[in-house]
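Colleague: Dropping a prediction and its sequence here:
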Amino acid sequence: MGTSSAPVVEMRNVRVSFGGVRAVDDVTIDLRPGEVVGLVGGNGAGKSTLMKVLSGAQGPDSGEIRVNGQPASISNPRDAKRLGIETIYQTLALADNLDAPGNLFLGRELTTPIGQINDAAMEDQTRKVMGRLNPHFKAFRKPVVSLSGGQRQAVAIARAIYFNARIIIMDEPTAALGPGETAQVRNLIKQLKNEGIGIFLVSHDIHDVFDLSERISVMYHGRLVGTVNKDDVTTDEILGMIILGKPPTKLTEKDIAELKG
Amino acid sequence: MANVADAAQGQDVQVVPRPGLRGLLAQTEIDLRLFGMLAALAIILVGFNLISGGTFLRPVNMVTLGVQAAGIAIISTGMVLVIVSRNIDLSVGSLVGIVAMVYAELMANWLTSLGIGIDFPFRWAIALAIGIAVGAGFGALQGFIIAYIGVPSFIVTLGGLLSIRGLVWYLSNGAAVTGLDPTFQLFGGGAQGSIGGTLTWAVGLVGSLAVVGLLFNNRRRRRQYGFPLRPMWAEVTLAVAGSGAILGLSAFANANYWPQGLADQYAAAHGLPAGLQISTGFPDPLMILLGVTLLVTWLGTRRRFGRYVYAYGGNPDAAALAGINTRLTILKTYVLMGVLCAISAAIAVARLNAATLDVGQSYELYVIAAAVVGGTSFAGGIGTIPGAVLGAFVMQSLAYGLAYIGVDSPGQNVAAGVVLILAVGLDSWNRRRGTRTPR
């Protein structure tokens, strides 16, 4: 799968700096349809900032983004969504005081012909999409603040998949979940992959990344250490990339021994 | 044992109606908070009626009370949206003051010098339109500084409170301005500034039909999508209680009559026998309040603008990441405030038949108190517009009632302050107890 088809997203030579700090320094990565690319790195490695550039939450200082081979200009979250790029943020980015339909359609409300918000239609659609993700979900009219962590996650995921995304960015999708809910999210990722959706998976959990990704891109202090096929590397080599910032070819026996020590 | 297991699982399936009054209320889906405030209002009114020996609850008192509350209540509808979106507006009193002075100057001096003389048709409407534009302009300016430049709203509107009140002085050189258009004076209520008996019945009828229509439409839409329905008894209760209350208010307002002297003059002029009783019906300020409440509630709950205000209040980052133009949304809340202040100023000027330097003084405090008593939370994201209107009526009933039984103005202030703290304290306590917080 994957290698033959053209990339659905290419980010080339992207740079972002905050003051004097180079948060993202000349990074080039890509993503193909039906592929999961794991994006890993330590705290402050720049992975979240890089993904914010793609989701429109952060403007790049320089660099180019191509979607389906066409140069794309993404200056705010609306632009990204228009290009079929949806994001599930680590914080979930839910308005706690709104109910599930209100959050799912936030910024893209269904309206009647005279421009009134159509709550009934939104609830109806939400029932359908949530039925797929979490059939037990019943609290369609409660503010999401009163939902459990897993239910809130389901709302955030429903928002990403409802609008026929081609590309989904998942930032630590299982960080706040219990084991059962984590398994659900992993199944969902596989299912989305089979539907031809490209996924950037940002995660600290190296096992998640190894299980789910085709390729793994490692960042270190804002730079891209390298992008490797999962089948060509070991978890030790990935750890070496994350912790020492060295690509597998430059990793010595001594380095590995140190990592394990 | 099986029963225990069933009960434990039952939580997930369908909520079993809670026993008692609370359970019944939950089935009607009435906002418990609003219900509680209505009850509080009723207790205050009946309490003063008992203390005053049965004279307080007369139509003439209630109509006056309503007119006094209207000016505050109108602005509080907008204050809800401002506080919900985590901001504040301290400048409303000064905004009312400047627009009031603009109205008076327009009708007394400026329009005439522009060639729009006393006999010009719709002179009052021209003044009103210019005043609303001035209010919206000041609102937009403050909103722009808050939303686009990023100065905290507390600071910007505190500056507005001071500097706009100063501008009022410059407009009038420190003197009161009199000489309003006679039509404009009708905004203030009174015998002629009321809609009269027939129209009041018409309003009551339309209102009660609207209640039934809304319930019916809601039920039809729920059935269409297969959502759970209210029990029929709840629908009927709501319909009867809603339309009954509206028709009852209409009858009550129609039991208020023109002053006998004025009625006799009218009778003489129209060749009718003396001793004629003419119903005033609802006063104009209350009709304006009704219109404003419906409009702002509609903006707040049925339009994207309102949805974005609540979303921003709930989580500003989430709103921005959802692609909402949050800055424009905040700017719009302040423009709305400017417009509402201009409407309130029209009522204030019309009641005084003049603009003085201190029109609208301290309004910001009463407006914020009304919104907060009505359940608006300073944490953002929570608050309802009907709640704020009820809050304004609760505060005004208290002040009016205390004055009626002879408590002086410092005493009224003490009571208002204590009630404000009590209302919010009770609310926090209620929420901490873990009862559901209706939105």
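Modeller: Great, that's in hand.

Colleague: The helix or strand encompassing residue A:180 near chain B at all?
Modeller: With elements taken from DSSP states H and E, the one containing residue A:180 is helix A:179-194. No. Remark: helix A:179-194 sits outside contact range of chain B, by CB under 8 Å from any CB of the partner chain, the gap being at least 14.8 Å. (Glycine included, C-beta is placed from N, CA and C.)

Colleague: outside of that helix, which residues touch it?
Modeller: A:34-36, A:133-134, A:149-150, A:153, A:157, A:161, A:168, A:170, A:173-174, A:177, A:199, A:201, A:208, A:211-212 (CB atoms under 8 Å, 6 or more residues apart in numbering or on different chains).

Colleague: rerun that using 6 Å as the cut-off
Modeller: A:34, A:36, A:150, A:173-174, A:212 (CB atoms under 6 Å, 6 or more residues apart in numbering or on different chains).

Colleague: Over to stretch B:77-97?
Modeller: Residues contacting stretch B:77-97 (CB under 6 Å, 6+ apart): B:75, B:135, B:138, B:153-154, B:157-158, B:160-161, B:164-165, B:168, B:292-293, B:296, B:309-310, B:312-313, B:333, B:336-337, B:340-341, B:344-345, B:359-364, B:367, B:371, B:376, B:380, B:383, B:385, B:388.

Colleague: what's the answer for stretch B:130-143, then?
Modeller: B:95, B:99, B:102-103, B:156, B:160, B:331, B:334-335, B:337-339, B:341-342.

Colleague: Could you rerun that using 7 Å?
Modeller: B:91, B:95, B:99, B:102-103, B:106, B:156-157, B:160, B:164, B:330-331, B:333-335, B:337-339, B:341-342, B:345-346 (CB atoms under 7 Å, 6 or more residues apart in numbering or on different chains).

Colleague: how about the residues of the stretch 101-250 of chain B near chain A?
Modeller: B:221, B:225, B:227 (CB under 7 Å from any CB of the partner chain).

Colleague: ok, the last one - contacts?
Modeller: Same thing as residue B:227. residue A:123.

Colleague: That one should be in a strand, yeah?
Modeller: No. Counting by DSSP: H, G, I helix; E, B strand; the rest coil, residue B:227 is not found in a strand; it is coil.

Colleague: Distance-wise, check it relative to residue B:29.
Modeller: 12 Å (CB to CB, to the nearest Å).

Colleague: contacts for the host helix or strand of residue B:388?
Modeller: Using DSSP H and E, residue B:388 sits within helix B:385-404. By CB under 7 Å, 6+ apart, the residues outside helix B:385-404 that reach it are B:33-34, B:37-38, B:40-41, B:44-45, B:48, B:52, B:56, B:65, B:68-69, B:72-73, B:76-77, B:79-80, B:293, B:296-297, B:300, B:366, B:369-371, B:373-376, B:411-412, B:415-416, B:419.

Colleague: before we move on, what about stretch A:229-248?
Modeller: Here stretch A:229-248 has contacts from A:40-42, A:206, A:210, A:213-216, A:218, A:220-221, A:225-226, A:228, A:251, A:255-256, A:259, using CB under 7 Å, 6+ apart.

Colleague: Now the buried members of the contacts of stretch B:77-97.
Modeller: B:75, B:135, B:138, B:153, B:157, B:160-161, B:164-165, B:168, B:292-293, B:296, B:309-310, B:312-313, B:333, B:336-337, B:340-341, B:344-345, B:359-360, B:363-364, B:367, B:371, B:376, B:380, B:383, B:385, B:388 (16 or more other CB atoms under 10 Å in any protein chain shown).

Colleague: quick one: which of these sit in helices?
Modeller: B:75, B:135, B:138, B:153, B:157, B:160-161, B:164-165, B:168, B:292-293, B:296, B:309-310, B:312-313, B:333, B:336-337, B:340-341, B:344-345, B:363-364, B:367, B:371, B:385, B:388 (DSSP state H).

Colleague: For the residue nearest the centre of chain B, give me its contacts.
Modeller: For chain B, the residue lying nearest the average C-alpha position, counting by CA atoms, centre = their mean, turns out to be residue B:73 (3.0 Å). Contact analysis of residue B:73 by CB under 7 Å, 6+ apart lists B:289, B:370, B:389, B:392-393.

Colleague: which among those gets closest to residue A:141?
Modeller: residue B:389 (23.9 Å; CB to CB).

Colleague: how near is that closest one to chain A?
Modeller: 20 Å (CB to the nearest CB, to the nearest Å).

Colleague: residues near that residue, how many?
Modeller: 28 (other CB atoms under 10 Å in any protein chain shown).

Colleague: now the helices for chain A?
Modeller: Going by DSSP H, chain A shows helices at A:47-55, A:77-82, A:100-104, A:119-133, A:149-162, A:179-194, A:206-212, A:235-244, A:253-260.

Colleague: want to throw the ones you listed into JSON lines with mean pLDDT, distance to residue B:185 and mean neighbour count?
Modeller: Putting the helices of chain A into JSON lines (pLDDT from 0 to 100; distance: least, CB to CB, whole Å; neighbours: other CB atoms under 10 Å in any protein chain shown) gives the following:
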{"stretch": "helix A:47-55", "mean pLDDT": "94", "distance to residue B:185": "57", "mean neighbour count": "24"}
{"stretch": "helix A:77-82", "mean pLDDT": "94", "distance to residue B:185": "49", "mean neighbour count": "19"}
{"stretch": "helix A:100-104", "mean pLDDT": "96", "distance to residue B:185": "45", "mean neighbour count": "27"}
{"stretch": "helix A:119-133", "mean pLDDT": "91", "distance to residue B:185": "42", "mean neighbour count": "18"}
{"stretch": "helix A:149-162", "mean pLDDT": "90", "distance to residue B:185": "54", "mean neighbour count": "22"}
{"stretch": "helix A:179-194", "mean pLDDT": "87", "distance to residue B:185": "66", "mean neighbour count": "15"}
{"stretch": "helix A:206-212", "mean pLDDT": "87", "distance to residue B:185": "73", "mean neighbour count": "17"}
{"stretch": "helix A:235-244", "mean pLDDT": "87", "distance to residue B:185": "77", "mean neighbour count": "19"}
{"stretch": "helix A:253-260", "mean pLDDT": "75", "distance to residue B:185": "86", "mean neighbour count": "12"}
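
Colleague: can I get those in JSON lines with distance to residue B:282?
Modeller: Below are the helices of chain A laid out as JSON lines (distance: least, CB to CB, whole Å):
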{"stretch": "helix A:47-55", "distance to residue B:282": "53"}
{"stretch": "helix A:77-82", "distance to residue B:282": "45"}
{"stretch": "helix A:100-104", "distance to residue B:282": "35"}
{"stretch": "helix A:119-133", "distance to residue B:282": "31"}
{"stretch": "helix A:149-162", "distance to residue B:282": "45"}
{"stretch": "helix A:179-194", "distance to residue B:282": "56"}
{"stretch": "helix A:206-212", "distance to residue B:282": "65"}
{"stretch": "helix A:235-244", "distance to residue B:282": "72"}
{"stretch": "helix A:253-260", "distance to residue B:282": "80"}
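
Colleague: Out of these, flag the one nearest residue B:245.
Modeller: helix A:119-133 (25.4 Å).

Colleague: can I have the closest one written out in PDB, keeping just the CAs?
Modeller: The C-alpha trace of helix A:119-133 is given here as PDB (Å, rounded to 0.1, in the frame of the first residue of the first chain):
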ATOM      1  CA  ASP A 119     -30.600  22.300  16.100                       C
ATOM      2  CA  ALA A 120     -32.900  19.400  15.200                       C
ATOM      3  CA  ALA A 121     -31.000  18.600  12.000                       C
ATOM      4  CA  MET A 122     -27.700  18.900  13.700                       C
ATOM      5  CA  GLU A 123     -28.800  16.500  16.500                       C
ATOM      6  CA  ASP A 124     -30.100  14.100  13.900                       C
ATOM      7  CA  GLN A 125     -26.700  14.000  12.100                       C
ATOM      8  CA  THR A 126     -24.800  13.800  15.400                       C
ATOM      9  CA  ARG A 127     -26.900  10.800  16.400                       C
ATOM     10  CA  LYS A 128     -25.900   9.100  13.100                       C
ATOM     11  CA  VAL A 129     -22.200   9.700  13.300                       C
ATOM     12  CA  MET A 130     -22.000   9.000  17.000                       C
ATOM     13  CA  GLY A 131     -23.900   5.800  16.500                       C
ATOM     14  CA  ARG A 132     -20.900   4.600  14.500                       C
ATOM     15  CA  LEU A 133     -18.300   5.700  17.000                       C
END
